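Asker: Here is my input; please provide its structure:
(one chain, ligands or ions: 1)
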Amino acid sequence: MARTKFNPAVAISDLVRYAQETMDLGKYDAIYAKNQLFALFGVTEPADGHDKLPDFQTGILDPLVNYGIKTGLCKEIEKLLFETKVMGLVTPAPGTVIAQFDAIAATDGIEKATDYLHRIGVSSNYLRMPDISKNIMWTAPAPMGDLTITINLSKPEKSREQVEAERNLPASNYPRCMLCVENLGFNGNLRHPARETIRIIPIYLNDEKWFFQLSPYVYFDNHCIAISEEHHPMAITPATFVRLTDFVEQLPHYFMGSNADLPIVGGSILAHEHYQGGKKVLPMFKRPDRKTFASAKYSNVKVSILDWYNSVIKLTSKDKKSLCALADEILLAWREYSDESVGVLAKTTAPHNTITPIACFDKENGYELYLILRNNRTDEAHPHGIYHPTEDMHNVKKEGIGLIEAMGLFILPGRLAKEIEGIVDILSGKTPLNFAEISKEDHPLFKHLHAIAQLANDNGVNLSMDDAEKAVVSYVNNTCVKILECTGVFKNDEIGQNAFVKFLNSVDIK
Ligand SMILES: [Zn+2]
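Answerer: Numbers count the residues shown, from 1 in each chain. As a prediction, this is how the structure comes out:
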């Protein structure tokens with residue numbers, strides 16, 4: 001049977017109808033978008049779309065993008081950039097999305113408004129849910145609260161051609177970084193993602209202009225980022241607490257937190273001030289208080305140490321001003337606080353103490369501020385950081401432990417999926433255990449050498465596939481617990497906890 005010739009005009013009609021049905025693209029915007037697409041694809045004769053809309057990705061978008069490649073509109077390595085450009089033409093304009101968001105928030109409430117933003121994100125392919133669903137996620141049962149572990153398989157590996165083409169790109173400082181507001185509609189290149197489909201919502205935090213957007217990484221439900229309109233570096237200051245609580249006051253179904261402002265214990269982007277939030281699904285939020293205290297000065301703020309792996313002070317109050325004022329005092333005190341008996345040094349040649357703060361709003365209890373105490377000091381024995389996973393855990397995670405992981409949601413690199421399979425094969429005897437081979441630096445399991453030795457020693461290499469997998473998963477789970485424990489500045493033993501209380505006493509909290 002001869003294949004019917006692909007007609008881009010039909011696919012364009014389908015695509016525009018898809019946008020009307022899933023993203024509320026208005027009647028006049030639909031006519032406008034159609035003409036933009038006709039111009040892009042060189043269509044002179046319109047055609048009706050299918051009666052029954054084909055599958056969006058495989059029946060409309062993929063064929064259209066492939067047609068673009070075939071006719072020389074874009075190169076194969078720029079496929080994603082081109083696809084985003086096409087989708088940008090049918091996604092409601094930023095101003096329309098903002099107006100619609102505000103209208104929904106006013107009539108149906110803020111939660112329905114973020115549902116709307118999420119729907120636009122999914123339908124426009126800004127949030128690539130079919131890719132995201134490739135991620136492997138499981139719950140790691142653990143004594144002080146279960147952890148969530150994700151292996152991130154949604155980020156496609158760059159091809160050699162792409163890396164090569166990227167290297168040859170001229171240097172550019174526009175947009176200045178991945179978070180700048182100028183990303184709105186940016187067409188992207190091999191170094192910088194296309195952002196024609198990103199939609200942002202302006203928001204005032206601490207009387208400053210900020211905006212928030214959903215995160216394309218979707219590490220958890222409604223993962224979003226609040227971003228300063230100004231490009232300036234991350235800083236944890238008293239204003240941080242005001243901004244975070246301002247955010248959750250306006251979006252009480254989300255949490256919002258900031259990465260710390262120092263390397264090792266902070267996030268990957270320190271140059272542009274931004275926070276991360278989303279639905280309150282992170283493991284730390286489920287934890288009870290370990291011990292409660294009262295502040296002498298702010299009697300309307302409840303203070304507690306959270307029963308969690310690292311060192312978390314939780315402040316709860318209906319009074320935002322008192323809550324933020326006490327958080328300021330704790331921050332200022334912590335920046336200067338040393339307790340040599342437990343190895344906490346505020347400063348050597350540089351400052352080391354900082355805080356990872358996270359805010360929530362609870363209908364019953366009011367504002368909640370979680371202050372995770374952090375320290376980024378290194379020494380000879382711990383060149384990567386004293387409160388950082390030690391080298392024997394780097395096979396699982398080497399990067400800085402940012403706020404998402406500090407709250408118990410681990411995002412592990414995609415390589416780990418294949419490596420876990422390799423170790424399972426060894427423990428089940430499918431692949432003979434050959435230490436000499438694995439000891440070679442270019443062996444894919446080289447970095448797991450010590451883990452394999454330990455696992456083989458504990459379990460043998462004759463396990464069933466099921467048991468082998470259980471053994472490896474349990475090893476990863478235990479390592480993640482240990483990593484979290486590493487980040488605790490006051491350890492969860494008697495000496496550590498006494499030192500923790502001593503710090504609280506130093507700020508008149510008893
Ligand atoms: Zn920026």
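Asker: For Asn353, which non-adjacent residue is closest in space?
Answerer: Excluding its sequence neighbours, the residue lying closest to Asn353 (CB to CB, 6 or more residues apart in numbering) is Ala346, at 4.7 Å. For glycine as for every other residue, the C-beta is placed from the backbone atoms N, C-alpha and C.
Asker: Tell me how many other residues surround the one you found.
Answerer: Residues near Ala346, counting by other CB atoms under 10 Å, number 17.
Asker: measure Thr245 to Lys297 for me?
Answerer: For Thr245, the distance to Lys297 (CB to CB, to the nearest Å) stands at 18 Å.
Asker: Please disregard the earlier target; I meant Lys318.
Answerer: Counting by CB to CB, the gap from Lys318 to Lys297 is 17 Å.
Asker: now do Asn183
Answerer: Taken as CB to CB, the span from Asn183 to Lys297 is 43 Å.
Asker: Can you pick out the residue with more neighbours from these two?
Answerer: Higher neighbour count among Asn183 and Lys297: Asn183, with 21 against 12, using other CB under 10 Å.
Asker: I figured the more buried one was touching Pro175, is that so?
Answerer: Yes. Between Asn183 and Pro175 there is a contact at 5.1 Å, judged by CB atoms under 8 Å.
Asker: Tell me the predicted confidence for the residue of the stretch 251-400 of the chain found nearest the ion.
Answerer: Per CB to the ion, His272 is where the stretch 251-400 of the chain lies closest to the ion, at 3.5 Å. Note on His272: pLDDT of 95.
Asker: close enough to count as contact, it and Val181?
Answerer: No. At 10.0 Å, His272 and Val181 do not qualify as touching, with contact defined as CB under 8 Å.
Asker: Tell me the residue of the stretch 401-510 of the chain that sits nearest the ion?
Answerer: Residue of the stretch 401-510 of the chain nearest the ion, by CB to the ion: Gly402 (17.8 Å).
Asker: contacts for stretch 35-46?
Answerer: Stretch 35-46 is contacted from outside by 8-9, 12-13, 15-16, 34, 64, 67-68, 71, 73, 85-86, 89-90, using CB atoms under 8 Å, 6 or more residues apart in numbering.
Asker: mind running it again at 6 Å?
Answerer: For stretch 35-46, the surrounding residues in contact (CB atoms under 6 Å, 6 or more residues apart in numbering) are 8-9, 12, 89.
Asker: Can you measure across that stretch, start residue to end residue?
Answerer: For stretch 35-46, the first-to-last residue distance is 9 Å (CA to CA, to the nearest Å).
Asker: for that stretch, which positions count as buried?
Answerer: Across stretch 35-46, burial judged by 16 or more other CB atoms under 10 Å covers 36-38, 40-41, 43.
Asker: ok, back up a step: excluding covalently adjacent residues, which one is nearest to the residue of the stretch 401-510 of the chain closest to the ion?
Answerer: Leaving out its chain neighbours, the residue that sits closest to Gly402 by CB to CB, 6+ apart is Gly267, at 4.3 Å.
Asker: as a whole number, average confidence for stretch 291-309?
Answerer: On average, stretch 291-309 scores 97.
Asker: Mind listing what's buried along it?
Answerer: Neighbour counts over stretch 291-309 (16+ other CB under 10 Å) mark 293, 295, 298, 301-309 as buried.
Asker: residues in contact with Ala359?
Answerer: Residues in contact with Ala359, defined by CB under 6 Å, 6+ apart, are 244-245, 248, 256, 369.
Asker: Can I take it that it is in a strand?
Answerer: Yes. With DSSP: H, G, I helix; E, B strand; the rest coil as the criterion, Ala359 is located in a strand.
Asker: For it, give its distance to Thr240.
Answerer: To Thr240, Ala359 is 9 Å away according to CB to CB.
Asker: Same question for Val476.
Answerer: 33 Å.
Asker: Any idea which residue is closest to the centre of this structure?
Answerer: By CA atoms, centre = their mean, the mean C-alpha position of the chain lies nearest to Tyr219, the distance being 4.8 Å.
Asker: That one and the ion: what is the separation?
Answerer: Counting by CB to the ion, to the nearest Å, the gap between Tyr219 and the ion amounts to 21 Å.
Asker: which SS class is that residue?
Answerer: Under three-state DSSP, Tyr219 comes out as coil.
Asker: Show me what the helix or strand of the chain with the lowest mean pLDDT is packed up against.
Answerer: None of the helices or strands of the chain scores lower by mean pLDDT, DSSP states H and E than helix 160-167, at a mean of 81. Applying 3 or more CB pairs under 6 Å, 6 or more residues apart in numbering; DSSP states H and E, we find helix 160-167 packed against no helix or strand.
Asker: What lies in contact with it?
Answerer: 77, 190-191.
Asker: Which residue ranges of the stretch 151-300 of the chain form strands?
Answerer: 201-205, 208-214, 224-228, 254-257, 274-279, 289-294 (DSSP state E, counting those that start in this stretch).
Asker: can you redo these as CSV with distance to the ion?
Answerer: Formatted as CSV, the strands of the stretch 151-300 of the chain follow (distance: least, CB to the ion, whole Å):
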stretch, distance to the ion
strand 201-205, 16
strand 208-214, 12
strand 224-228, 8
strand 254-257, 19
strand 274-279, 9
strand 289-294, 38
